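Undergrad: Generate coordinates for the sequence data below:
(chains A, B, C and D)
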Amino acid sequence: MSELRKLTFGYVGLLALLALTVGSSFLDLGGFNVTINLAIAAGKAILIAMLFMHLTGTLPRLAVAAAGLWLVILFGLTLIGS
Amino acid sequence: MSFGIPFFPQEASSEASQVDALFYTLLAFSAVLGLALTGLVVGYAVKYRVGSPADRTGQRSRNMWLEMSWTIASLIIAFIFFGWGATLFVRRDHPPADALEITGLGKQWMWEFRQPGGQREINELHVPVGKPVVVSLAAQDVIHSFFVPAFRIKQDAVPGRTTHIWFIATEPGHYHLFCAQYCGTQHSEMGGWVTVMAPEQYAAWLNSQGEGETLAASGEKLFRVLGCSGCHGASSKVRAPALEGIFGRPVALENQQTVIADERYLRDSILIPKKEIAAGYEPVMPSFDGLIDEGELQMLLAYLKSLSPQPSAGTKP
Amino acid sequence: MTSSAMTGTYLSEGAGPRAWLLTTDHKRVAWLYLVSLTAFFFLGGAMAVLMRIELATPAGDLVSDDVYNRLFSLHGIIMVWFFLVPSIPATLGNFLLPLMIGARDLAFPRLNLASWYVFIFGSLFALFSVVAGGVDTGWTFYTPLSTLYANGFVSTAAFGVFIVGFSTIMTGINFIVTVHTLRAPGLTWFRLPIFVWTLYATSLVMVLATPVLAASLILIVLERVFGIGIFNPDLGGDPLLFQHLFWFYSHPAVYIMILPGMGVVSEVLPCFSRRPLFGYKAVAMSSMAIAVFGFLVWGHHMFVSGQSAYAGVVFSFLSFCVAIPSAIKVFNWSLTLRKGEISFETPMLYGLFFLGLFTFGGLAGLFLAALAVDVHVHDTYFVIAHFHYIMVGGMVTAYMAGLHFWWPKLTGRMYSETAGRIAATVTFVGFNLTFFPQYVLGFDGMPRRYHTYPPEFQFWNVLSSAGAVVLAIGYLMPLFYLGWSLFRGARATDSPWNATGLEWQTSSPPPPHNFKSMPIVTRPAYAYDMKGLEHERFSPHLEAGR
Amino acid sequence: MSRTESVAFDNPRRERRADTFAMWVFIGSEAMLFGAIFLVFLVAHLDFGPAFAAASKHLSVALGAFNTAVLITSSFTMAVAHMFALHRRWRATVWALLATSALGVCFLVVKSMEYGKEIAEGMAPLLGLPFRYEGPDPVHAEFFFSLYFTMTSLHALHLIGGIAVIGGMIALWRTASPANRLHRVEAVGLYWHFVDVVWMFMFPVLYLINR
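TA: Predicted structure coming up:
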């Protein structure tokens, strides 16, 4: 069943990314640690969204895009103020 | 004033007439546009009421040219008002260098001011006419807001930071001082009067108040009582940064960054000494958070600023 | 018509509390909301009247400062969260959205009923705070006043608002999904009535902004109950961060409130002018623009708060931008009247009054967006006047317009036209008398939330207080003649105003699942200039090919 | 009519699409809730970076990483349940759902062990418990722990909600039609995965600040 293989691939990928994020945090990369951690977290989120949540179709993507845009507004405009 | 009914507030600062110019322009614009629209709607309502003989041919339910032109016209007008308001606003950040510096402390429910010479006033503020005055504001408990309608100025006093407001009073007189930010039970009682006096009278008034201890002098005393001088003093055994001339200077930090030693930095260094550690020093300073109140903090800041020769006009964080 | 006209309608399907309290019919849920919101409106209104009576004299002689502070705080909390935010969406929107798009119900009928129960559950907390002794933080819950210094029942009130937020989100999700998935065949996006567009835009704001309010209220409750210090400067917290989070919700919330009002007026004006809405697409798109831009301007509540001047300039610029779509709408509504055949029934009177009041409220917004002027009038009665012109003069007037417009559809009965016109006029006069003086007061420098004030402000305050009494009469009148019409009103025909729109094609009141057969739409909205619209727009005998 | 749950739909496929869309809208809404809390954390982190980094070292990376793996596994079993549901293998679906909720319970057990350890060590600034913290800048370490407890308990509440809904769904399993079963599994699955995604961000942000 190729579907199961896809899910297993996602599962193994997620575990690998987890190992990577824990491992990288023990290296001292200055400010880059946070960036790397967040990038890996975003990677995990994309894996889950695409493989587990089947993020397809216009409407679900619209909902995700809207929330993403609004989060950018919230973070961006708050941080210019402080 | 007409028949004792107040239509327009007094103008008593250099800012007031400029803000009013913008205000009245906006008022004229709003009146013209508002009345024109009202006239249009009422006119249509009368002309095209049911049964009227008006001509109804050639009606359209959209007109690209018309819609584009009013959109663009609105945009242009909006940007003009934006630019005008913003130009006046950004000057709030740039007080003249020779300004008289007064500290104001808001607490439930009173304003406490300290003149540069140390004279203390409660819910009263005396200022000379024609001279720039900077009020450095702090709050002891909740957010308050320093508001003098006749000067057209307002600034919140926020706990945990110092904010500034400046003005040049132009008319001698007696003006309302309000707290504009809701601050609890007796919010509406919090306030009093700003008295604008001719410079000679102001000087005389200062004298009659007695030569109080200046804020900086109180701060210096506090500096010794709290034991700051034990480490920061020239002859101390513990190595701590010297504070002479620190205000406004760049400080190298342990994490390779550099910050300007402004009021925010000094305040944080007293209350949160571990936050930004000066390069080359051990982080041994204890926090004074909870040991001193806002008023005492203002004294210490005034003292530290007095150690720097340059004028200490407010720089906002 | 005889009483047999009432059988087979949603009203005749089961009586008694069980049939109403367990209903999943969107039309009945709308009534549940209507009744509860009316109660909250008059509760909040009574507090406003008490405040105005207190303010008739400069001294604090009627109530003490503590009581006064509780009055304006609860007035704000109740009016904003328990009336204005749900008002049009939860009542008229709930009733009309499925009807207008030709659906049998909202996408999730049980979720819809659940949202009302959540609303009631949340409102119990708020009512508890009222009865137990009130809240004195203002509706804005600014920290650190609300977390460290206020001694009222802040936690319960904030928790109540938090819960009501869920009800708002549920309604928003339901509406968004309904509009996307349940439109009748032929009903394309640009054939939708503007009311549906505005409900959609409002739902978008509800779904994306309310959670941020929920987060900030959770943090307030946690600070008060558990003593954590996120907004407490003594613990390293930042009181301004609360203002950012709060206004990220509360400024868009203003658009949650006003957008559906704009939608109602976009239905009423074309109907009584017998003209299509001028610039339909521009009005639809400007509703969406308002919903999006509304999120970019919250910092204009914080020009003097101590945020950086740079942020102030950015937020001022964006605030001027959000004025444009509103201006476009006003121009479009005005031109809709051109070459029409205008009649002045009660809904139209309210609609025209909305147009005037919204315009004068909106123009005051320009003053507030202009930085240097805002510094002077911020936190004064100028702001109070401005947002009451928008929220009460605009939103509540539109709500009354909609209520009168669709009352025949809701109830199957007609109200007294004379009484309606008198009430509309009394409201208009009372409103202006109440709030116009507050513009002057604000410019003169009277701060808001003042229990006592210097005597020179008394003249305008007396005018305003007198106006409040007139306004209260204007709002009480419909309670009586609409109530009377429920039992004694003449039977309404299916389309008493001869309006377009699918909701008018079914019976008044509608049957349980709205339409006897699935409607098919062949025309744009507001086809008032086309002949024979009753027969062509809606073809009841064609079954959809699906 | 009984093939759809809502009277508004006359066709189960359209209803399923609507359900999925509604879940995504709800997830967008939830993302704003967590986004706001993350923003609070970010602002504080920018202000008090060193204090936060020091405080973060007092959390157990081992337990945190273990729990992350548990959640990832639960997401996997949830995705498997959905796959079985698509193929109408109902018995296997139920087993996968049970495994998912068991993993959710496991996460909560480990999380409460962590809480217990932190409370015992005096690092929980809640309800007036004494805050004992050996390290620089205890004031802002306390701030960190306030945020830590707020964020993780909010996440845990969501997880408890998810477990409860799975339990309810299994309890009502026999009464539901195949179409209803499928779109319920789908809706709960989306929610579950979202709660997982939140943790994917929470874990590095809280546990892994410059070890």
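
Undergrad: what's near enough to touch residue D:110?
TA: Under the criterion of Cβ atoms under 8 Å, 6 or more residues apart in numbering or on different chains, the contact list for residue D:110 reads D:63, D:66, D:67, D:70. Where C-beta positions appear, they are placed from N, C-alpha and C, glycine not excepted.

Undergrad: make it 10 Å
TA: Under the criterion of Cβ atoms under 10 Å, 6 or more residues apart in numbering or on different chains, the neighbours of residue D:110 are D:60, D:63, D:64, D:66, D:67, D:70.

Undergrad: Run a quick neighbour tally on residue C:426.
TA: 18 (other Cβ atoms under 10 Å in any protein chain shown).

Undergrad: can you give me the helices for the chain?
TA: If you meant another chain, say so; for now it's chain A. Secondary structure of chain A (DSSP state H): helices at A:2-25, A:32-47, A:58-81.

Undergrad: ah, I was thinking of chain B
TA: Taking DSSP H to define them, one finds helices in chain B at B:14-47, B:64-90, B:199-208, B:215-225, B:228-232, B:263-271, B:294-306.

Undergrad: Name the residues of the shortest one that are buried.
TA: Spelled out, it's helix B:228-232. Buried positions in helix B:228-232, judged by neighbour count with 16 or more other Cβ atoms under 10 Å in any protein chain shown: B:228, B:229, B:231, B:232.

Undergrad: so where's chain C shaky on pLDDT?
TA: Residues of chain C that meet the criterion pLDDT under 70 lie in C:1-6, C:530-546.

Undergrad: If you compare the directions of the lowest-mean-pLDDT helix or strand in chain D and helix A:2-25, what angle comes out?
TA: Confidence across the helices and strands of chain D bottoms out at helix D:49-56, with a mean of 84, counting by mean pLDDT, DSSP states H and E. The directions of helix D:49-56 and helix A:2-25 differ by 120 degrees, with axes from the mean of the first three to the mean of the last three Cα atoms, to 10 degrees as the criterion.

Undergrad: Quick check, the residue in the stretch 201-317 of chain B closest to chain D?
TA: residue B:274 (4.0 Å; Cβ to the nearest Cβ).

Undergrad: returning to that earlier point: any chance of the helices of chain B in a markdown table with distance to residue B:188 as columns?
TA: What follows is the helices of chain B, written out as a markdown table (distance: least, Cβ to Cβ, whole Å):
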| stretch | distance to residue B:188 |
| --- | --- |
| helix B:14-47 | 24 |
| helix B:64-90 | 27 |
| helix B:199-208 | 28 |
| helix B:215-225 | 29 |
| helix B:228-232 | 40 |
| helix B:263-271 | 30 |
| helix B:294-306 | 23 |
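
Undergrad: Which one of those helices lies nearest to residue C:231?
TA: Nearest to residue C:231 among the helices of chain B is helix B:263-271; the distance by Cβ to Cβ comes to 16.5 Å.

Undergrad: Dump that closest one to CSV, restricted to CA.
TA: The C-alpha atoms that make up helix B:263-271 are tabulated as CSV, following Å, rounded to 0.1, in the frame of the first residue of the first chain:
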residue,chain,number,x,y,z
GLU,B,263,17.4,56.5,30.3
ARG,B,264,16.1,53.1,29.3
TYR,B,265,19.6,51.6,29.7
LEU,B,266,20.3,53.2,33.0
ARG,B,267,16.9,52.3,34.4
ASP,B,268,17.3,48.7,33.3
SER,B,269,20.8,48.6,34.7
ILE,B,270,19.6,49.6,38.1
LEU,B,271,16.5,47.3,38.2
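
Undergrad: Counting neighbours, which bits of stretch B:85-96 end up buried?
TA: Neighbour counts over stretch B:85-96 (16+ other Cβ under 10 Å) mark B:85, B:86, B:88, B:89, B:92, B:95 as buried.

Undergrad: Spell out, range by range, the helices that occur in the stretch 251-400 of chain C.
TA: C:280-293, C:309-336, C:346-369, C:371-377, C:381-388, C:397-411 (DSSP state H, counting those that start in this stretch).

Undergrad: Run through the neighbouring helices and strands of the third one.
TA: Taking 3 or more Cβ pairs under 10 Å, 6 or more residues apart in numbering or on different chains; DSSP states H and E as the contact definition, the neighbouring helices and strands of helix C:346-369 are helix B:14-47, helix B:64-90, helix C:239-273, helix C:309-336, helix C:371-377, helix C:381-388, helix C:397-411, helix C:417-444.
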